[in-house]
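*Asks:* Turn this into a structure:
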Amino acid sequence: MGADEALGSNAQLLEHGVVVERTVEDDERIARITVPGFILIPLSILGGMVGGAIWAGIPGILKAKRGAHEVITTIMMNFIAVALTNYLIARHFHMPETVHTQAIALSARIPRLSTIFSIFSGSPLNYSILLALLACFVVYYILWKTSLGYELRAVGFNPFAAEYGGINIARSTILTMAISGALAGLVEVNYVLGYKYYFEQGFAGGVGFMGITVALLGRNNPIGVILAALLFGVLSVGGLVINAYVPKDLVDILQAIIIIFVIASSKPFRDYIMKLKKRSLTQGIAGTSRE
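*Replies:* Predicted coordinates for the structure are as follows:
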């Protein structure tokens, strides 16, 4: 569940967003009478995670059964998701003269931290951040403390060796993509239930591709991802704050430099450079011997 899966997360969180928003709106009539927030919010989260898992599971099935590359299929699914969600909002769920849906029920809104901690006054930060942290620790436990996680990591490192060891490659591939989609869908919990309180067109804005950056910087480790996300969150928000004094492009350049150094320090990149050096040295020796 690394950078490759993040390519499709834009589509997964878009689909999740529609499911979350529709779950809340469909339940709103009942919520006014009987359904409290502690039931409505989990239902919305669960419905959205299922939607994201199903959407990401499609490329997983294509990869496992037909050998289709997940990068290509997830990018294609991105376009389908954008077109589908835009159609649903424009034709069925939008507020007049807007590009977003109606506001969700009050009982479905996740409280902001500023309601208790004055230090967060004016900040949209809400309790969904606790859900994000919990997800990271759960994924860490699954990947490094369970046999299922061992199988998933083995397939990621070397699928041929994993298959030789008796691991079901197709099952692991589909499961990995489904889990990735469910996690990507959690982004919408913050946006719809804790921030905007509605779903709008074009909200993703490359969030999935930012996930690739965070995954690279965090070295595909759930704990490392927390630190990487905090760093890029500070850079992104800080760029908006100082936008009047420093061009936003400078922040983008800084992020790009960080990515370059992270890639350059990675083991696969170092191994590739060493391979090129050995090849160059071998060719040089061969050329000298011919002379």
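*Asks:* low-confidence ranges in the stretch 151-291 of the chain?
*Replies:* Scanning the stretch 151-291 of the chain for pLDDT under 70 picks out the ranges 204-205, 240-241, 243-244, 283-291.
*Asks:* For it, which segments are assigned as helices?
*Replies:* Taking DSSP state H, counting those that start in this stretch, the helices of the stretch 151-291 of the chain run over residues 159-164, 169-185, 187-188, 207-217, 222-241, 248-264, 267-290.
*Asks:* so which of these comes closest to Phe38?
*Replies:* Proximity to Phe38, assessed across the helices of the stretch 151-291 of the chain by C-beta to C-beta, is greatest for helix 187-188 (19.3 Å). Heads up, the C-betas are built off the backbone N, CA and C, glycines and all.
*Asks:* For the closest one, name the packing helices and strands.
*Replies:* Counting contacts by 3 or more C-beta pairs under 8 Å, 6 or more residues apart in numbering; DSSP states H and E, the secondary-structure elements packed against helix 187-188 are helix 9-31.
*Asks:* pLDDT (mean, whole number) over the helix or strand following the helix it packs on?
*Replies:* The helix or strand immediately downstream of helix 9-31 is helix 37-66, counting by DSSP states H and E. Per-residue pLDDT over helix 37-66 has a mean of 91.
*Asks:* quick check: angle from helix 37-66 to helix 169-185?
*Replies:* Calculated by axes from the mean of the first three to the mean of the last three C-alpha atoms, to 10 degrees, helix 37-66 forms an angle of 140 degrees with helix 169-185.
*Asks:* and the gap between the residue nearest to the spatial centre of the chain and Asn78?
*Replies:* Most central in the chain under C-alpha atoms, centre = their mean is Ala184, positioned 3.8 Å from the mean C-alpha point. From Ala184 over to Asn78 the distance is 11 Å, taken as C-beta to C-beta, to the nearest Å.
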